[in-house]
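*Asks:* Next input, structure requested:
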Amino acid sequence: MPEEFDFSELQNYLQGQIDMGLSDVYLDEPWTLQKPQRAASAPVPRPAIPAHPQPAPQPVHTAPAAPAPEPPIMPAVAMPAARPAVKKTAAAFESAESLDAFYEAIQGEAVYANAGNLARYAGPTNPKLLLLMPRPLPDTADFFSSEPGAMLVRLFANLNISAGEIGVSYFYKSAVAKNIPALLETALRKMLTKELSFIAPQVMATFGEPLFHQVFGKGKNFNDLAGTDLEFSGVKTCALVDAVEMSKDKQLKWVTWKVHIPKCSYFKA
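*Replies:* I've put the predicted structure just below:
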């Protein structure tokens, strides 16, 4: 404690009271204990606390990333070899250079397999009128000597077309009855086109509704077009009713003579 407080001032005061001879001591003068003034000691420097260094970044050890899955290697698909262009072989009859060569060539066509002898065109060169019949009449060697043939000769004589100016041919040239599918009808139309190039008629007349559709197609109406001006492969053509039925039916003769033929400009003088 003496080290902390200075009592010299109190001691001087008390000594002064004693010197005055007073037996009683009056502490009428305030006094305070003063701490002795010491030179301020320099603060003891504290050891510098090193700042906590930031921990060095540690490499993050992660599991190695799984490699991206490679797309499956597909086996090379062999491209189909380009098919060589199929060169369509022309039928033998298409290269025929004469009417006789044409008939010889069509004997080997599928449509006439097992058909026997084929009927050929009968009539003059470049006829004024070609009669196109569906097929040859059974057991008839000469069409013009048959009842339908003789009737047609008389009919067209009234139109100034003589028997010597009329020829006859057949869409299907075998008398053997055969159901002709559409594919074979197409082949027969090609044959007719080639045949007409040799016969070269001025006008052609077809007979019967079935033949009309075989020549002109299924999409056309026979009743609307019978007797009108038509054309097939560049040849003027007129469609009439079936000649065999006409020879047996007066009404069909009347329709042909009074309705169908007057419609057609090819028969007008």
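*Asks:* okay, CA-based contacts and neighbour counts for the rest of this
*Replies:* OK.
*Asks:* buried stuff in the biggest helix by length in the chain?
*Replies:* For the chain, the longest helix by residue count, based on DSSP state H, is helix 182-199. For helix 182-199, burial by neighbour count (16 or more other C-alpha atoms under 10 Å) applies to 185, 188-196, 198-199.
*Asks:* Could you dump those residues into TSV with pLDDT and distance to V215 added?
*Replies:* Below are the buried residues of helix 182-199 laid out as TSV (pLDDT from 0 to 100; distance: C-alpha to C-alpha, whole Å):
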residue	pLDDT	distance to V215
E185	90	8
L188	95	9
R189	95	6
K190	95	10
M191	96	11
L192	97	9
T193	97	10
K194	96	14
E195	97	14
L196	98	13
F198	97	18
I199	97	17
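*Asks:* Now do the longest helix of the chain: which elements does it pack against?
*Replies:* Helices and strands touching helix 182-199, by 3 or more C-alpha pairs under 8 Å, 6 or more residues apart in numbering; DSSP states H and E, are helix 99-106, helix 209-216.
*Asks:* Tabulate the buried residues of helix 182-199 (CSV), appending distance to K248.
*Replies:* As requested, the buried residues of helix 182-199 are exported to CSV (distance: C-alpha to C-alpha, whole Å):
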residue, distance to K248
E185, 28
L188, 29
R189, 29
K190, 32
M191, 31
L192, 28
T193, 31
K194, 33
E195, 30
L196, 30
F198, 33
I199, 30
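*Asks:* Identify, from those, the entry nearest to D142.
*Replies:* Nearest to D142 among the buried residues of helix 182-199, counting by C-alpha to C-alpha, is I199 at 18.3 Å.
*Asks:* Show the contacting residues for that closest one.
*Replies:* Counting by C-alpha atoms under 8 Å, 6 or more residues apart in numbering, I199 makes contact with 99, 125-127.
*Asks:* Give me the buried entries from the residues you listed.
*Replies:* Members of these classed as buried by 16+ other C-alpha under 10 Å are 99, 126-127.
*Asks:* what's the closest of these to D242?
*Replies:* Using C-alpha to C-alpha, P127 comes nearest to D242 of the buried ones among the contacts of I199, at 21.0 Å.
*Asks:* mind checking how far that closest one is from I106?
*Replies:* Separation of P127 from I106 (C-alpha to C-alpha, to the nearest Å) stands at 23 Å.
*Asks:* likewise E165?
*Replies:* Distance, E165 to I106, by C-alpha to C-alpha: 26 Å.
*Asks:* ok, now Y172?
*Replies:* The value you get for Y172 to I106, if C-alpha to C-alpha is used, is 11 Å.
*Asks:* and if you look at F232?
*Replies:* Going from F232 to I106 by C-alpha to C-alpha gives 20 Å.
*Asks:* Could you give the number of residues near the residue nearest to G208 when sequence neighbours are not counted?
*Replies:* Using C-alpha to C-alpha, 6 or more residues apart in numbering and skipping residues adjacent in sequence, the residue nearest G208 is D242, 3.7 Å away. The tally of other residues near D242 (other C-alpha atoms under 10 Å) stands at 19.
*Asks:* Is D242 in contact with F212, as I believe?
*Replies:* No - using C-alpha atoms under 8 Å, D242 makes no contact with F212, being 9.9 Å away.
*Asks:* Where does pLDDT dip in the stretch 1-150 of the chain?
*Replies:* Across the stretch 1-150 of the chain, the ranges flagged by pLDDT under 70 are 1-88.
*Asks:* cutoff 90 now
*Replies:* Low-confidence segments of the stretch 1-150 of the chain (pLDDT under 90): 1-93, 95-96, 108, 110-117, 138-141.
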